[in-house]
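Enquirer: quick one, fold the following:
(one chain, ligands or ions: 1)
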Amino acid sequence: MVLAFASIVISAVFEGGSVGKVEQIGPTHVRCAVKGQADQDNRNRQANWYFFKLTGLPQGKEVRIDLTDLVGEYNFRPGTHAVTPNTRPVFSYDASHWTHFSDGQVSWDEKEVMLTLKFVPAKPVMWISHMEPYTGKHLQSLLALRHPHAIRTAAGRTVRSREIPLITISDNSIAPNAKKVVWLMARQHAWEAGTSWAADGAVRFLLSDDEEASRIRKSTVFMVIPIFDVDGVAEGTVRFNLNGFDNNRNWDTAETRTMPEIFSVRDTLLKWLDAGRRIDVFLAMHNTESADYVEGAVEDERVRPVADALVAALRASTNFHDPKSPRNSMTASMDKGRYTVNQYLYSQRKAAAFLMELMVERHPALGRPRTAHDFSQFGAELAKCLARAAAR
Ligand SMILES: [Zn+2]
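Expert: Residues are numbered from 1 along each chain as shown. Next comes the predicted model:
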């Protein structure tokens with residue numbers, strides 16, 4: 001017997017879009033595999049970016065979407081998955097305003113390792129994503145901001161020869177050598193859209209009419225990379241560059257052909273330091289499932305006070321949530337080819353370089369996951385905290 005029914009059509013052919021194999025199980029039931037991405041050796045598959053459009057949604061009926069094929073590896077540990085029982089995807093009816101699915105609309109099947117969404121669509125067309133996307137169009141809007149104290153250059157380039165944008169914010173009426181320097185890097189991993197929202201919030205605050213922003217522009221040079229993996233964000237990948245290399249490992253071994261992103265940005269950073277310029281604080285932002293933390297070479301007595309000042313400022317003015325920070329990033333087991341950007345900058349130049357993780361699951365202080373607006377506000381406060389840590 002052939003069952004004919006109106007189909008729900010799933011598409012991800014747009015900037016940042018991603019979906020794996022799609023199967024329509026019934027008129028109101030679709031199974032969507034999450035595409036995922038593996039590294040250059042076909043290891044460390046991670047499947048936590050999906051961003052797709054649904055059309056032909058039936059009206060007035062409950063629709064069921066299963067997200068499957070979630071299992072992969074992390075740091076060579078098989079069986080892990082970064083979509084979890086606590087993942088709350090977002091939906092939108094215009095691809096611009098997003099809402100998290102509620103707890104009651106989301107269920108988890110541990111045996112199948114599957115996240116299921118059940119909801120009654122309000123319109124026939126909608127978009128679903130792992131988190132609120134921050135794509136090239138958001139970046140272009142940020143880069144279009146004109147301000148006498150902002151300069152846009154490139155920090156490097158990608159596999160597809162896209163520019164990795166760098167925004168320098170500094171009040172030119174004060175000599176550069178009289179200022180502290182902060183580097184803030186977001187989105188080494190394409191799925192981590194929250195970090196770009198935070199960088200966006202930081203830049204918009206630093207270029208605002210706020211009195212503190214004006215003071216910071218006089219005291220501190222900010223160098224901001226809002227999207228590091230520009231290719232991955234455009235093409236909807238997860239955590240590796242288009243040749244499969246992790247943009248937050250490999251900092252000690254990167255070469256230009258396979259890892260142009262790391263190679264070119266590393267060159268920019270080393271040239272900056274070799275020209276006698278300072279880096280008072282370097283921070284690479286990341287998203288993870290269920291923890292906030294800051295880590296760095298905190299056993300170094302020159303780094304520790306910077307870390308403490310940053311964490312104290314974050315605790316005082318943001319919802320940064322980690323009693324254990326700052327944590328130590330310099331462990332004995334750092335293998336060749338596994339250095340993160342902060343580990344590399346510290347090991348090579350003793351820079352006060354840190355990594356920050358920001359959780360995407362339910363935040364204990366908010367009682368819900370952070371929205372793009374939350375990340376953006378966090379970024380504005382983070383800029384103040386970084387300026388304070390640099391001035392310490
Ligand atoms: Zn990351």
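Enquirer: neighbours of the closest residue to Gly156 other than its chain neighbours, how many?
Expert: For Gly156, ignoring the flanking residues on the chain, the nearest one in space by Cβ to Cβ, 6 or more residues apart in numbering is Ser264 at 2.9 Å. The C-beta positions use only the backbone N, C-alpha and C, and glycine is treated the same way. By other Cβ atoms under 10 Å, 19 other residues sit near Ser264.
Enquirer: surely Ser264 meets Ile164?
Expert: Yes. Using Cβ atoms under 8 Å, Ser264 makes contact with Ile164 at a distance of 7.1 Å.
Enquirer: need the residues touching each of the two.
Expert: Taking Cβ atoms under 8 Å, 6 or more residues apart in numbering as the criterion, Ser264 and Ile164 both touch 155-157.
Enquirer: spell out which parts of the stretch 101-250 of the chain neighbour the ion.
Expert: Within reach of the ion by Cβ under 5 Å from the ion, the stretch 101-250 of the chain has these residues: His189.
Enquirer: show me the shared contacts of Ser264 and Ile164 that map onto helices.
Expert: Within those, no residue falls in helices by DSSP state H.
Enquirer: so what's Ile174 up against?
Expert: Applying Cβ under 8 Å, 6+ apart to Ile174 gives the contacts 218-219.
Enquirer: could you measure from it over to His149?
Expert: From Ile174 across to His149, the span is 10 Å (Cβ to Cβ, to the nearest Å).
Enquirer: again with Ala254
Expert: Distance from Ala254 to His149, by Cβ to Cβ: 32 Å.
Enquirer: between these two, tell me which one has more neighbours.
Expert: Remark: of Ala254 and His149, Ala254 carries more neighbours, 24 against 18, as counted by other Cβ under 10 Å.
Enquirer: what's the burial count for the residue nearest to that one when sequence neighbours are not counted?
Expert: Excluding the flanking residues, the one nearest Ala254 by Cβ to Cβ, 6+ apart is Ile262, at 3.8 Å. Ile262 is flanked by 28 other residues according to other Cβ under 10 Å.
Enquirer: repeat for Pro326
Expert: For Pro326, the neighbour count with other Cβ under 10 Å is 23.
Enquirer: how about the residue nearest in space to the middle of the chain, nearest residue that isn't a chain neighbour?
Expert: Per Cα atoms, centre = their mean, the C-alpha nearest to the average position across the chain is that of Glu192, at 2.6 Å. Leaving aside its sequence neighbours, Glu192 sits nearest to Asn287 (Cβ to Cβ, 6+ apart; 3.8 Å).
Enquirer: does the one you found touch Thr195 like I think?
Expert: Yes. Here Asn287 reaches Thr195: they are 5.8 Å apart, a contact under Cβ under 8 Å.
Enquirer: which helix or strand contains Phe222?
Expert: For Phe222, the element it lies in under DSSP states H and E is strand 220-225.
Enquirer: can you point out the buried residues in the longest helix along the chain?
Expert: In the chain, taking DSSP H as the definition, the longest helix is helix 372-391. By 16 or more other Cβ atoms under 10 Å, the buried positions in helix 372-391 come out as 372, 374-390.
Enquirer: please apply the same query to stretch 316-330.
Expert: Applying 16+ other Cβ under 10 Å to stretch 316-330 flags 318-322, 325-327, 329-330 as buried.
Enquirer: can you show me the helices along the stretch 201-350 of the chain?
Expert: Remark: helices assigned in the stretch 201-350 of the chain by DSSP state H, counting those that start in this stretch are 211-219, 230-235, 260-274, 304-317, 341-349.
Enquirer: same list, those, but as a markdown table with mean pLDDT please.
Expert: As requested, the helices of the stretch 201-350 of the chain are arranged in a markdown table below (pLDDT from 0 to 100):
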| stretch | mean pLDDT |
| --- | --- |
| helix 211-219 | 98 |
| helix 230-235 | 98 |
| helix 260-274 | 98 |
| helix 304-317 | 98 |
| helix 341-349 | 96 |
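Enquirer: now these as JSON lines including distance to Ile65?
Expert: Listed next are the helices of the stretch 201-350 of the chain as JSON lines, based on distance: least, Cβ to Cβ, whole Å:
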{"stretch": "helix 211-219", "distance to Ile65": "42"}
{"stretch": "helix 230-235", "distance to Ile65": "23"}
{"stretch": "helix 260-274", "distance to Ile65": "33"}
{"stretch": "helix 304-317", "distance to Ile65": "36"}
{"stretch": "helix 341-349", "distance to Ile65": "36"}
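Enquirer: mind giving me the domain ranges of the protein?
Expert: Following automatic domain parsing, one gets these domains for the chain: 9-129, 136-391.
Enquirer: out of those domains, deepest packed?
Expert: domain 136-391 (a mean of 19; mean count of other Cβ atoms under 10 Å).
Enquirer: show me how far that domain is from its chain's centre.
Expert: Between the centre of domain 136-391 and the centre of its chain there are 10 Å (Cα atoms, centre = their mean, to the nearest Å).
Enquirer: gap between the two ends of it?
Expert: The first residue of domain 136-391 is 33 Å away from its last residue (Cα to Cα, to the nearest Å).
Enquirer: give me every residue that touches the spatially closest residue to Ser317 that is not a sequence neighbour.
Expert: Nearest non-adjacent residue to Ser317, counting by Cβ to Cβ, 6+ apart: Glu381, 4.9 Å away. Each residue near Glu381 by Cβ under 8 Å, 6+ apart is listed here: 314, 317-318.
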